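Asker: Sequence first, predicted coordinates after that:
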Amino acid sequence: MTKLSVNINKIATLRNARGGNLPNLLAMAIDCEKFGAEGITVHPRPDERHVRYQDVLDLKPVLKTEFNIEGYPSERFIELVNEVKPAQVTLVPDPPGVITSNAGWDTIKHERFLKEVVGGFKISGIRTSLFIETDAKMIRNAAKTGADRVELYTESYARDYPVNPELAVRPFREAALAAHDCGLGLNAGHDLSLVNLKYFQNNVPYLLEVSIGHALICDALYYGMENTIQMYLRQLHNP
């Protein structure tokens, strides 16, 4: 069964817009778990424009589900992850000023670097995932880095889904098969929503986890957080 990890970055963005502590990020994360979320995802960036490094430290002791920390493996990020020891770290090749993640790893070009980083996290007992596109060569090389999983970057699927769902999902189905053949677990995320999630989950085999933030938080403005999380879970868990 595919797990839903709720990315709470946008909640932190709203908090930071006014200063203070409204909405309360820790309380919202706890509530997301109470409402059915099967994991919590954060992506602390160097400028801390949404989730801050201190937020990550504060979240660890209060969460009961799987904690997933995303980010570029800078020295500071690596130190944070090793201190917090989440269930999973997702390595993303973000340049410092990017608005949102917009590309997957070139696992051939960066194989040596990723091996070193992944190896360090494995020593700490942290499951490691690489944010990646659907290129089978990059997926096969991800396995060579020692990573446990890959997270498929699904922006192109979300963009093309309204025009031709079958054509949009095809490369992701093929990528899922390639990952499975390499012994890699499969996650996915980026622009998945109530509109396109069920079709993706029904057509991409071996999908262990989806990480959803922006669309889910936007939906919660209309439907409420508890109802929205339940709506997403029904998309994933109902045949």
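Answerer: Received it, and whenever you're ready, just let me know what you need. Numbering: from 1, shown residues only.
Asker: which SS state does the spatially most central residue of the chain fall under?
Answerer: What sits nearest the mean C-alpha location of the chain, by C-alpha atoms, centre = their mean, is S211, with 4.1 Å. Using DSSP: H, G, I helix; E, B strand; the rest coil as the criterion, the local structure at S211 reads strand.
Asker: Just to check, it is in contact with T154?
Answerer: No: the pair S211 / T154 is not scored as a contact, 9.9 Å apart, by C-beta atoms under 8 Å. In short, each C-beta sits where N, CA and C put it, glycine included.
Asker: Now for the two: what residues contact both?
Answerer: A188, G189 (C-beta atoms under 8 Å, 6 or more residues apart in numbering).
Asker: separation between the residue nearest to the centre of the chain and L22?
Answerer: 25 Å (C-beta to C-beta, to the nearest Å).
Asker: just E83 next, same as before
Answerer: E83 sits 27 Å away from L22, going by C-beta to C-beta.
Asker: same check, this time on A147
Answerer: For A147, the distance to L22 equals 38 Å [C-beta to C-beta].
Asker: Who has more neighbours out of these two?
Answerer: For A147 versus L22, the count of surrounding residues by other C-beta atoms under 10 Å is larger for A147: 28 against 10.
Asker: contacting residues for the more buried one?
Answerer: Neighbouring residues of A147 by C-beta under 8 Å, 6+ apart: L91, L114, V118, T128, S129, L130, L184.
Asker: for it, helix, strand, or coil?
Answerer: Secondary structure for A147, judged by three-state DSSP, is coil.
Asker: I'd guessed C182 sits against A142; true?
Answerer: Yes: the pair C182 / A142 is scored as a contact, 7.4 Å apart, by C-beta under 8 Å.
Asker: Which residues are in contact with N187?
Answerer: By C-beta under 8 Å, 6+ apart, the contact list for N187 reads T90, S129, R149, V150, E151, L152, L207, L208, E209, V210, S211.
Asker: out of C182 and A142, which sits in the busier spot?
Answerer: Legend: neighbour count by other C-beta under 10 Å for C182 and A142, higher for A142 (28 against 16).
Asker: how near is that one to P171?
Answerer: According to C-beta to C-beta, A142 and P171 sit 16 Å apart.
Asker: Over to E79?
Answerer: 36 Å.
Asker: same thing with I126?
Answerer: Between I126 and P171 the distance, using C-beta to C-beta, works out to 29 Å.
Asker: Regarding N21, which helix or strand does it belong to?
Answerer: Applying DSSP states H and E as the criterion places N21 outside every helix and strand.
Asker: Run a quick neighbour tally on it.
Answerer: Residues lying near N21 (other C-beta under 10 Å) number 10.
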